[in-house]
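In: sequence first, predicted coordinates after that:
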Amino acid sequence: MPLQSLPAAGRWAVLLAASALAAGLLQWARLPAALMLGPLAAAMLVQTAGGAVKVPRAFMAVAQAAIGCLVARSMTPAIVGGFASHWPVFVGVVALSIAAAAGIGWTMSRLRIVPGTTAVWGMLPGAATAMMVLAEAYGADFRLVAFMQYLRVVLVAAAASVVALLFVHGGGAPRFAGGYFPPIHLLPFAETAAIAVVGGGLGLASRIPAGVLLGPLALGAALNILGWVTIELPPVVLIASYAVIGWNTGLRFTRDVLAAAARALPQTLSATALLMAFCGVLAWLLVVLLHVDPLTAYLATSPGGVDAAAIIAASTKVDTPFVMALQTVRVIVVLAIGPQVARWVAGTLKQSVPQPEPPEPLDLGDLD
């Protein structure tokens, strides 16, 4: 029976079964972030097979808040001191990665690989939803922007997982020492839930991308550093959060988006690989300048989503606070200057590159 003929409950059943199978195979292969990459791959297959479903926004918000709490749990006074000591390096690395992304996008547009200013918006790392909104306002094809943004998230997550597997001998998927259903300590769990609700609400009110993740992260980190709370996250909550984030990314790869991007796929892959390689050079600089381990540096500079970086970092033996500190700085800088940089680059293109007709407006709620 074709997937599109199934009711929503049936399509969800197929997605759940495929996600469990894929995650199980990746865990068996001891691949880091298997609990996210498995559902992500399953969602892509189900979506392209006509079994589209929609992840409720509430589920995604809860998942991001949980990941924010997960990262906050690893924040210590030591990492605050480290950031204060190295903030110029952090800002410099982030600025270089944004400049490289804008330069690659500008080159793709000048060579007419991707029409108009689409490539500029599509290559900027982080804040994917904001880039799509700005691309539509500027007359670019936001469908291709969506494809470029989330293709990069998938490639970066896969590459980071493989690199983690190579560096962490005997590592792999996250292990839960107390099993999948350990005893829950009510007070710490209630404190964690409060952090997720309050921090997520503040992040949502701020109206910045990833705010639902960054709000609990900031609030939980502050309280954890002060020693006022104990953050507790049951394994079942983390597994569900990984799956929801994987589905949310995989389900964005609709047939329409894939068809619109098919002709530019080789060039888009090459551009993404170039950006990843450039960020790899930045990682090497972090190793040399700050003497961090190579895997930590790679994950910190990888140009993917902050939530994917959090999951991969949490499932490997790396300095998670360092990774998330640099990733968070990048999100902040992209939100602060990324759109202005993109507008400036797009303005230079308008003088020499004919602009295509913009596509019909698309309901961005389906891509959010």
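Out: Sure, I can see it.

In: contacts and neighbour counts: CA atoms only from here.
Out: OK.

In: please state the offset of the host helix or strand of Ala157 from the chain centre?
Out: Assigning secondary structure by DSSP states H and E places Ala157 in helix 142-167. Relative to its parent chain, helix 142-167 has a centroid offset of 8 Å by Cα atoms, centre = their mean, to the nearest Å.

In: also stretch 244-258?
Out: For stretch 244-258, the distance to the chain centre is 13 Å (Cα atoms, centre = their mean).

In: and the helix or strand containing Ala20, C-alpha only, in CSV?
Out: Element membership for Ala20 (DSSP H and E) is helix 8-28. Taking Å, rounded to 0.1, in the frame of the first residue of the first chain, the C-alpha atoms of helix 8-28 are listed here in CSV:
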residue,chain,number,x,y,z
ALA,A,8,-1.6,10.1,9.5
ALA,A,9,-1.4,7.5,12.3
GLY,A,10,-0.2,4.9,9.8
ARG,A,11,2.5,7.1,8.4
TRP,A,12,3.7,7.9,11.8
ALA,A,13,3.9,4.2,12.6
VAL,A,14,6.0,3.6,9.5
LEU,A,15,8.3,6.5,10.5
LEU,A,16,8.7,5.2,14.0
ALA,A,17,9.5,1.7,12.8
ALA,A,18,11.9,3.0,10.2
SER,A,19,13.6,5.3,12.8
ALA,A,20,14.0,2.5,15.3
LEU,A,21,15.5,0.2,12.7
ALA,A,22,17.9,2.9,11.3
ALA,A,23,18.9,4.0,14.8
GLY,A,24,19.5,0.4,15.9
LEU,A,25,21.7,-0.3,12.9
LEU,A,26,23.7,2.9,13.4
GLN,A,27,24.1,2.1,17.1
TRP,A,28,25.2,-1.4,16.3
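
In: same for that helix, what does it pack against?
Out: Under the contact definition 3 or more Cα pairs under 8 Å, 6 or more residues apart in numbering; DSSP states H and E, helix 8-28 sits against helix 34-48.

In: can you name the next helix or strand after the helix it packs on?
Out: Moving toward the C-terminus from helix 34-48, the next helix or strand (DSSP H and E) is helix 57-73.

In: quick one: average pLDDT of the helix holding Ala157?
Out: When pLDDT is averaged over helix 142-167, the result is 77.

In: just checking, next helix/strand downstream of that helix?
Out: Counting by DSSP H and E, the next helix or strand C-terminal to helix 142-167 is helix 186-206.

In: next structured bit after that following helix?
Out: Following helix 186-206 in sequence order, the next helix or strand is helix 211-226 (DSSP H and E).

In: in the helix or strand just after that next one, which residues are buried?
Out: Scanning forward in sequence from helix 211-226 by DSSP H and E, the next helix or strand is helix 235-250. For helix 235-250, burial by neighbour count (16 or more other Cα atoms under 10 Å) applies to 235, 238, 240-250.

In: let me see the contact set for Trp344.
Out: Applying Cα atoms under 8 Å, 6 or more residues apart in numbering to Trp344 gives no contacts.

In: how much space separates it from Met60?
Out: Here Trp344 is placed at a distance of 33 Å from Met60 (Cα to Cα, to the nearest Å).
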